[in-house]
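Participant: Sequence and predicted structure, then a few things I'm wondering about:
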Protein chains: 2
Amino acid sequence: MRAIAEDGVAGFTLRDVARRAGVSPAAPYRHFKDKEELLTAVATECMSRLDEEVAAAVAEALPDPLEQFRANGIAYVRFAAANPELFRALTIPGLFELLPPEQRARQQQQEADQRAAVAAAQAAGSISPLPIDEVMLAARSIVHGLAHQIVEGQLGAVDAARATELAVAVTGVIGIGLYPRKSGIPDDVTRRTGAHRRRR
Amino acid sequence: MRAIAEDGVAGFTLRDVARRAGVSPAAPYRHFKDKEELLTAVATECMSRLDEEVAAAVAEALPDPLEQFRANGIAYVRFAAANPELFRALTIPGLFELLPPEQRARQQQQEADQRAAVAAAQAAGSISPLPIDEVMLAARSIVHGLAHQIVEGQLGAVDAARATELAVAVTGVIGIGLYPRKSGIPDDVTRRTGAHRRRR
DNA sequence: TCCTCATGTAAACGCTGTATACATCATCCT
DNA sequence: AGGATGATGTATACAGCGTTTACATGAGGA
């Protein structure tokens, strides 16, 4: 993890890891089949941390589904901004199929929970009655896309506060929708819970 | 370009490129400072192709701003699905600062155009009066995030038709918004222009 | 006590990016 | 016409990489 965080995924070297551990270059092969397997293990760990942070943030959020979605997005984006190299480790090609089954199961469980929450919110009338798959996909896409742009430096330097602002902004947009509304925009979509208010 | 498309960014090797060109391993250094510079040149070319396809699709779309946004997203996502490795070449870390000034200028111009279109649409009442920066960011994020997920294989195999479906779906969601509407959903947001209709 | 297995090492292979010194050849200046 | 020049390519070398192979070592159970 330290090697990745310091030198990035590109500079991640089996020999360097061995050096850090004070062992010979071949030693890692007693524990991992090859470099890819080690990288996958690191990525799995990164994913666990990210999942934890997101889950914690969602647990702390207000019970409102949009507020929870927003908390999810903020935590996700903040993690990316705070640990760009760790986040990048999550985007290594084809990582998904290499994950340990337990991790995949946990993730699917988490997604199923979110899905149930969205369905419940739709039933209660607090989320638009769009196809649930599409809602989930759009939510994941917008948050992931924002995080990716931050990590790639396309949005300039982004600290935690700025990351929060950006996440609030995009979750606000997806909450309201681009198509104009006849009735006004409800307060809780444009306003941030707690101390922050949205600039604008 | 052929080397990238065939072997991917990870398998992209200066020596392989030299081999393909039938020259010695050191020959490329007469034309590019180092591997990074060649990769950047390839990525620039990829970006040009993507920009062209997107611009063409937008030009063909109906004059409605949401329809144009949708056409933009569809073209972007289809490019990613059709040329995953070329698309991945666009995500190499820090590419943004390495681009030739002309390319950056063109891109900024394109963004300014989009921005003006959004502003005009807002003035005309066909896009919600959200802060324009946030609208632009959200639109880019959701499309980029979807493309990225496709390329990383997180959505399974995605052909052109499926890519179109997915792009239609997420642009639909961001068009309508998660927060429920009192008045009904307008047809042109849920329906696809032309032959396709949205499943649901 | 001895055997086995997990862990580590040393050395080697072919690959990579890159630097250096040398060759070739078209172009342009006189 | 002829020689200097610059662009392009080659040969060779080096260090670093992932990976394999054969060999060492030492702890724990039979």
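Facilitator: That came in fine, so what should we check first?
Participant: For chain A, just list every one of the helices.
Facilitator: For chain A, the helices defined by DSSP state H cover A:2-7, A:14-21, A:35-60, A:65-82, A:84-89, A:95-98, A:101-124, A:132-151, A:160-176, A:187-190.
Participant: want to throw these into TSV with mean pLDDT?
Facilitator: Output for those, formatted as TSV (pLDDT from 0 to 100):
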stretch	mean pLDDT
helix A:2-7	96
helix A:14-21	98
helix A:35-60	95
helix A:65-82	96
helix A:84-89	96
helix A:95-98	79
helix A:101-124	91
helix A:132-151	97
helix A:160-176	97
helix A:187-190	53
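Participant: Including distance to B:A56 and mean neighbour count, could these go into JSON lines?
Facilitator: Any C-beta I mention is one placed from the backbone N, CA and C, and that applies to glycine too. As requested, the helices of chain A are arranged in JSON lines below (distance: least, Cβ to Cβ, whole Å; neighbours: other Cβ atoms under 10 Å in any protein chain shown):
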{"stretch": "helix A:2-7", "distance to B:A56": "40", "mean neighbour count": "15"}
{"stretch": "helix A:14-21", "distance to B:A56": "45", "mean neighbour count": "14"}
{"stretch": "helix A:35-60", "distance to B:A56": "37", "mean neighbour count": "16"}
{"stretch": "helix A:65-82", "distance to B:A56": "32", "mean neighbour count": "23"}
{"stretch": "helix A:84-89", "distance to B:A56": "32", "mean neighbour count": "22"}
{"stretch": "helix A:95-98", "distance to B:A56": "32", "mean neighbour count": "15"}
{"stretch": "helix A:101-124", "distance to B:A56": "36", "mean neighbour count": "13"}
{"stretch": "helix A:132-151", "distance to B:A56": "23", "mean neighbour count": "23"}
{"stretch": "helix A:160-176", "distance to B:A56": "26", "mean neighbour count": "22"}
{"stretch": "helix A:187-190", "distance to B:A56": "35", "mean neighbour count": "15"}
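Participant: need the contact list for the residue most central in space within chain A.
Facilitator: Residue closest to the average C-alpha location in chain A (Cα atoms, centre = their mean): A:Y76, at 3.4 Å. Neighbour list for A:Y76: A:L50, A:V54, A:V143, A:H144, A:A147, A:A167 [criterion: Cβ atoms under 8 Å, 6 or more residues apart in numbering or on different chains].
Participant: ok, of those residues, which one's closest to chain B?
Facilitator: A:H144 (4.1 Å; Cβ to the nearest Cβ).
Participant: What residues does the nearest residue to the closest one once chain neighbours are set aside make contact with?
Facilitator: Excluding the flanking residues, the one nearest A:H144 by Cβ to Cβ, 6 or more residues apart in numbering or on different chains is B:G145, at 4.1 Å. By Cβ under 8 Å, 6+ apart, the residues touching B:G145 are A:R140, A:S141, A:I142, A:V143, A:H144, A:G145, A:L146, A:H148.
Participant: Contact partners for the residue of chain A most remote from its centre?
Facilitator: Here chain A reaches farthest from its C-alpha mean at A:S24, the gap being 35.7 Å by Cα atoms, centre = their mean. Contacts for A:S24 (Cβ under 8 Å, 6+ apart) come out as A:A18.
Participant: Around DNA strand C, pick out the residues from chain A.
Facilitator: For chain A, the residues in contact with DNA strand C (Cβ under 7 Å from any atom of the strand) are A:A18, A:G22, A:V23, A:S24, A:P25, A:A26, A:A27, A:R30, A:H31.
Participant: and these, which are buried?
Facilitator: A:A18 (16 or more other Cβ atoms under 10 Å in any protein chain shown).
Participant: could the residues of chain A next to DNA strand C be laid out in CSV, adding distance to B:L90?
Facilitator: Listed next are the residues of chain A next to DNA strand C as CSV, based on distance: Cβ to Cβ, whole Å:
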residue, distance to B:L90
A:A18, 33
A:G22, 39
A:V23, 38
A:S24, 39
A:P25, 34
A:A26, 37
A:A27, 37
A:R30, 38
A:H31, 35
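Participant: out of the residues of chain A next to DNA strand C, which one sits closest to A:D64?
Facilitator: Closest approach between those and A:D64, by Cβ to Cβ: A:H31, at 45.8 Å.
Participant: Not counting its neighbours along the chain, what's nearest that closest one?
Facilitator: Nearest residue to A:H31 in three dimensions, chain neighbours excluded: A:L38, at 7.9 Å (Cβ to Cβ, 6+ apart).
Participant: List the residues that contact the one you found.
Facilitator: A:L38 makes contact with A:L14, A:V17, A:P28, A:H31, A:F32 under the criterion Cβ under 8 Å, 6+ apart.
Participant: so the second one touches A:P28, yeah?
Facilitator: Yes - taking Cβ atoms under 8 Å as the contact criterion, A:V17 and A:P28 are neighbours in contact, 6.2 Å apart.
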